[in-house]
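Participant: Have a look at this fold, sequence not included:
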Ligand code: FRU
C-alpha cells in the first residue's frame, strides 16, 4: 500500500467490529432509528452499490464506514433479503485493502451473466508527490472487477483500467461503473469530469466483460463540472440515463440542492456512436436524495434505491450524536410513460400495515392520528389550497394559484427549510413516513420528495391545517421490520 490512513482490511475490520458493540447498541436504541429502511448498524452509509437479485436473493451493497459517522473509510457493506422487506446484515464484501483501492472501495454495480455475478467498482487511490503532499499529486480512479457465485464470497480483485485508459482529456475523476447490455455487446457507463471541468458520462464497450475499449461519451453544454453515478437502462420501451450532476446553479425552483440527481430520456445508437438526449428531469425534490442505482429483479421489475442523504450539505443529522448517519431509500419500482419516470414504493411494503383508517379529507382530523411510522394515500377529487402536517413542524402545502407545492420544516429539519416544485394539477399523494424520514410521491410518483426529519413521538400528529380540497384518505400505521 502507498498509504494506509483510509485503508482497512478484513482482519482489521473484524477486530474493530468486536470493539464497537456498545456503539451498535446505542444506534439500535436511538429513538430516530429507522423502522423499515436500510441503515447502518453503526457509522455511515452512502451510495447503494451492486444491486441485484441472484437465485431469488436480493443483494444490496452500499458504501459503508462502520466506525466513523463522517464516512471517510469506504467499504462495501452488504444486506441480503428474500422479500425486499426483511434484510439480513452480512459481512462487508469489499475492503479498501490493496494497492488499487486503498483510499476507498468506491461505488460500483453488479451484472449477472452466465450465472455469475460480475461486480465493477472504482478503486480510489490518492498519490503523493516527493514531499508526501496529497493535494498537489493527484489520484487514480481504478476500474476493478470481481466475481461471485453467491453474492457473499468474492473472487480476487482484477485491476482492469486506470487513468491512462480513459480519454486523454479526462481529469482524475472517472468513476462509478454500471453495465448495460445490448445484443452481444456490453457497455459500461462511467461518471466523469474532463480537464476543462465539464461533467460527462464515458461509455466503454466489451464483448467479454474483461477487455474494455472507449466508445463514446454523453455530455451536455454548461451542465455541471462532474457527473456521478450514471445508470443507463431501458424502461417500458424507452431508454433513460440517470446521473448526478455537480455544479448546477439553482434556476427558479430547479436544482435546489447542492448536487442534483435526475434523468435524461435517451436514444443511443451504439453502432453509429450517436445519441439524442432530451431535457434533464429531477428525480427528487427533497433534501436527502442522491446516487441512486437501479436493477431488474427476477419479477422483471426495474427497482431503484437511492442514498437517503447528500454529500457536503449544510444541514445536519442529529443521529451523529448517537453513532450513525444516513440510510438508503425505500426500494421503488420505476415505470415510464411519454418520457416521464414514475416511482412507486414496492408493494411488499404493504405487509408492514398494522391498522388502517379511511376517511374523507374533511373528516380526517377527527381521527386524531399520531404515528411514528405510517403510509398515507390521498386521492384528490377537488383541488384547492392545502397545508398537510406530516409531523408537527413538517408540512406539505399547495398554493393553487401559483401551482406551487412546498415541503417545509421548522427546527425539526435541522437546517432543512423549504423545497418547492411547480405542479399544475395534483391528483394524488402517497406518503411513507418512517421514524426519521419522509418519502412523498405525488401524481403517481412523477414528483418525489425524500427527506430526513427529526421529531419526537408526541409531535408526530398527522392532520390537515387548512383543507379546502376534497378527496379521500387511506391511512395505515406501519410496523417495524
Ligand atoms: C457519490 C460518490 C461516488 C463515489 C462514492 C464514494 O456519492 O461520490 O461518486 O464513488 O460516492 O463514496
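Facilitator: Perfect, thanks for sending it. Quantities reported herein were computed from a predicted structural model and do not represent experimental measurements.

Participant: residues near the residue lying closest to residue 150 once chain neighbours are set aside, how many?
Facilitator: Residue nearest to residue 150 in three dimensions, not counting chain neighbours: residue 54, with 7.7 Å by CB to CB, 6 or more residues apart in numbering. From N, CA and C alone the C-beta is placed, and that goes for glycine too. By the other CB atoms under 10 Å criterion, the neighbourhood of residue 54 contains 18 residues.

Participant: and what of residue 39?
Facilitator: 25.

Participant: who touches the nearest residue to it once chain neighbours are set aside in this structure?
Facilitator: Closest residue to residue 39 in three dimensions, ignoring its sequence neighbours and counting by CB to CB, 6+ apart: residue 327, at 3.9 Å. With contacts defined as CB atoms under 8 Å, 6 or more residues apart in numbering, the neighbours of residue 327 are 34, 37-40, 45, 308-309, 437.

Participant: Same check on residue 356?
Facilitator: Under the criterion of CB under 8 Å, 6+ apart, the contact list for residue 356 reads 474-477.

Participant: Take those and keep only those in strands.
Facilitator: If you go by DSSP state E, the contacts of residue 356 have 474-477 in strands.

Participant: Contact partners for the spatially closest residue to residue 457 that is not a sequence neighbour?
Facilitator: Closest residue to residue 457 in three dimensions, ignoring its sequence neighbours and counting by CB to CB, 6+ apart: residue 372, at 6.0 Å. Taking CB under 8 Å, 6+ apart as the criterion, residue 372 is in contact with 35, 433-435, 457, 460.

Participant: where exactly do the helices run in the chain?
Facilitator: Using DSSP state H, the helices of the chain run over 10-19, 21-28.

Participant: just those helices: most buried one?
Facilitator: Among the helices of the chain, helix 21-28 has the highest mean neighbour count (mean count of other CB atoms under 10 Å), at a mean of 15.

Participant: what distance separates that helix from the middle of the whole chain?
Facilitator: Going by CA atoms, centre = their mean, to the nearest Å, the spacing between the C-alpha centre of helix 21-28 and its chain's C-alpha centre is 25 Å.

Participant: hmm, which helix or strand of this protein has the shakiest average pLDDT?
Facilitator: Confidence across the helices and strands of the chain bottoms out at strand 461-467, with a mean of 92, counting by mean pLDDT, DSSP states H and E.

Participant: what's that strand packed up against?
Facilitator: With contacts defined as 3 or more CB pairs under 8 Å, 6 or more residues apart in numbering; DSSP states H and E, strand 461-467 has these neighbours: strand 369-370, strand 386-391.

Participant: what comes into contact with the first one?
Facilitator: Spelled out, it's strand 369-370. With contact meaning CB under 8 Å, 6+ apart, strand 369-370 is reached by 357, 457-458, 460-463, 475.

Participant: Where neighbours are concerned, which of the residues you listed has the most?
Facilitator: For the contacts of strand 369-370, neighbours tallied by other CB under 10 Å; top is residue 462, 23 neighbours.

Participant: That residue and residue 391: what is the separation?
Facilitator: To residue 391, residue 462 is 7 Å away according to CB to CB, to the nearest Å.
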